[in-house]
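> Requesting a structural model of the entry that follows:
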Amino acid sequence: MALSEITRAAILQSVAEYERLDRDAFLHRYGFGPSRTYLLRIGGRDYDSKAVVGAAHGHLPCRDPLGSDEFSGGKDHAVKLLRDLGFEVVVRAAD
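Numbers count the residues shown, from 1 in each chain. Predicted coordinates:
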């Protein structure tokens, strides 16, 4: 498993699936909780960044989605990947 294998297209496929299922169903399907710190922002909408990255791995040929315990969602891992792929990542506003 390498996060570096994940492509921009796989992220966009994951976001499309997130949209089709809705947030709660998407998070449940892939076994993630809501993002605590970082959100992927596309077109003014926010998505749970770590869950999107984990699901995106499953959109790669011959790969399975990654579970939440298989990688870090932090700024040096999933967030870095998303930013390196040209996506906007924002810090979640305090509730």
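> what's the distance between the lengthiest helix in the chain and the middle of its chain?
Determined from DSSP state H, the single longest helix within the chain is helix 8-21. When distances are taken as Cα atoms, centre = their mean, to the nearest Å, helix 8-21 is centred 9 Å away from the chain's centroid.
> same deal with stretch 5-19?
Distance, centroid of stretch 5-19 to centroid of chain: 8 Å (Cα atoms, centre = their mean).
> who touches that stretch?
The contact list for stretch 5-19, computed with Cβ atoms under 8 Å, 6 or more residues apart in numbering, reads 26, 40, 42, 47-48, 51-53, 55-57, 59-60, 63, 81-82, 85-87. Bear in mind the C-beta positions are built from the backbone N, C-alpha and C, glycine included.
> Helices of this protein, start to end?
Under DSSP H, the chain gives helices at 8-21, 23-30, 49-57, 78-84.
> any idea of the angle the longest helix of the chain forms with helix 23-30?
If you take axes from the mean of the first three to the mean of the last three Cα atoms, to 10 degrees, helix 8-21 sits at 120 degrees to helix 23-30.
> contacting residues for residue 24?
For residue 24, no residue meets the contact criterion (Cβ under 8 Å, 6+ apart).
> try 10 Å this time
Counting by Cβ atoms under 10 Å, 6 or more residues apart in numbering, residue 24 makes contact with residue 34.
> From residue 51, how far off is it?
Between residue 24 and residue 51 the distance is 11 Å, computed by Cβ to Cβ, to the nearest Å.
> what sits in contact with each of those two?
residue 34.
> if I look at the nearest residue to residue 51 once chain neighbours are set aside, how far off is residue 61?
Of all residues not flanking residue 51 in the chain, residue 32 sits nearest, at 3.8 Å (Cβ to Cβ, 6 or more residues apart in numbering). Relative to residue 61, residue 32 is positioned 23 Å away (Cβ to Cβ).
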